[in-house]
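pasting the sequence and the predicted coordinates here, then a few questions.
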Amino acid sequence: MNENILKLKEWIANSDNVVFFGGAGVSTESGIPDFRSVDGLYNQKWKYPPETILSHSFFERYPEEYYRFHREKLVIDGVQPNRAHLRLAELEREGKLRAVITQNIDGLHQAAGSKNVLELHGSILRAYCSRCRRPYPQEEMNKGTGLPRCSCGGIIRPDIVLYEEPLDQDIVSSAVHYIRNADVLIIGGTSLNVYPAAGLINYYRGNKLALVNLSETPYDHYADLIIHEKIGEVFSQI
Ligand code: OAD
């Protein structure tokens, strides 16, 4: 076994205060493309850049175009949690992991059995009316065709944080609390490019920060341990 994976395994074995902070790379082994890899969402061709489509003003102006992208690219049928999601859920059950903080909107941590999941960017498995805020089952939004409408006439929207929208401050505060107090912090599957989420790393005060990511990140120099491998493969060994 790779020396760094062995070290991470030891850190986890000796701790009951592990926190995980992840991004799209956690779900690529489940078949969901990430955003910034060469085969990621942002490198596929659309009439508008996906970063534009996933913005508040775009949703307001071109909701049909948004929904075309949403249903074709964000909703992927039949995806299952992979070994990273499953091992994280197991570590929580073993009393080692305190929280999963994720930028993902796919609900796969919960599907794997994780209970304390902080979704910084929301979830496509929840929907609500953009006018009266009434909640709706996700099927109406993810499965139908055309614009999903509320009985009040408003457009139903996903409970995700679009660009230009603020993060939920309660979730951010909770994430800061877990990271600040963590003994072992594992950050994985994220390019650490998108703020404010990426800035959460600055709240960690310990000396056991492991970064598990296929490619380099702007925070590699911050980490006490770097593993440039597939996260599912790493987690299946720890
Ligand atoms: P990115 O696509 O920016 O980064 C994913 C990272 O995961 C890349 O650095 C990959 O190298 C790495 N990666 C891919 N597969 C991996 C694997 N199997 N094991 C380990 N690493 C792997 O995704 P995020 O950092 O999550 O925001 O992006 C942050 C935000 O940007 C997203 O939440 C989304 C997007 O715009 C919103 O929609 C608001």
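Done, it's in. Worth saying up front: this structure is predicted, and the values here are computed from it rather than measured.

residues in contact with stretch 157-166?
Residues outside stretch 157-166 that contact it (CB atoms under 8 Å, 6 or more residues apart in numbering) are 51, 54-59, 70, 74, 105, 120-124, 126-130, 141, 167-168. All C-beta atoms are positioned from the backbone trio N, CA, C, and that covers glycine.

residue contacts, the residue nearest in space to the middle of the chain?
Central residue of the chain (CA atoms, centre = their mean): Asn104, 2.0 Å from the mean position. Residues near Asn104 by CB under 8 Å, 6+ apart: 22-24, 26-27, 119, 121.

near the ligand, which residues of this protein?
23-25, 28-29, 34-37, 40, 54, 103, 121, 161, 163, 189-191, 193-194, 213-215, 230-232 (CB under 6 Å from any ligand atom).

now the strands for this protein?
18-22, 97-102, 117-119, 122-129, 135-136, 156-160, 184-188, 209-212, 225-227 (DSSP state E).

could I get those as TSV with mean neighbour count and mean pLDDT?
Formatted as TSV, those follow (neighbours: other CB atoms under 10 Å; pLDDT from 0 to 100):
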stretch	mean neighbour count	mean pLDDT
strand 18-22	27	98
strand 97-102	25	98
strand 117-119	21	98
strand 122-129	19	97
strand 135-136	15	96
strand 156-160	22	98
strand 184-188	26	98
strand 209-212	25	98
strand 225-227	19	97
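
make a markdown table out of these and add distance to Cys150.
Below are the strands of the chain laid out as a markdown table (distance: least, CB to CB, whole Å):
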| stretch | distance to Cys150 |
| --- | --- |
| strand 18-22 | 33 |
| strand 97-102 | 28 |
| strand 117-119 | 23 |
| strand 122-129 | 4 |
| strand 135-136 | 7 |
| strand 156-160 | 6 |
| strand 184-188 | 37 |
| strand 209-212 | 41 |
| strand 225-227 | 46 |
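
of all the ones you listed, which one comes closest to Lys7?
strand 225-227 (5.9 Å; CB to CB).
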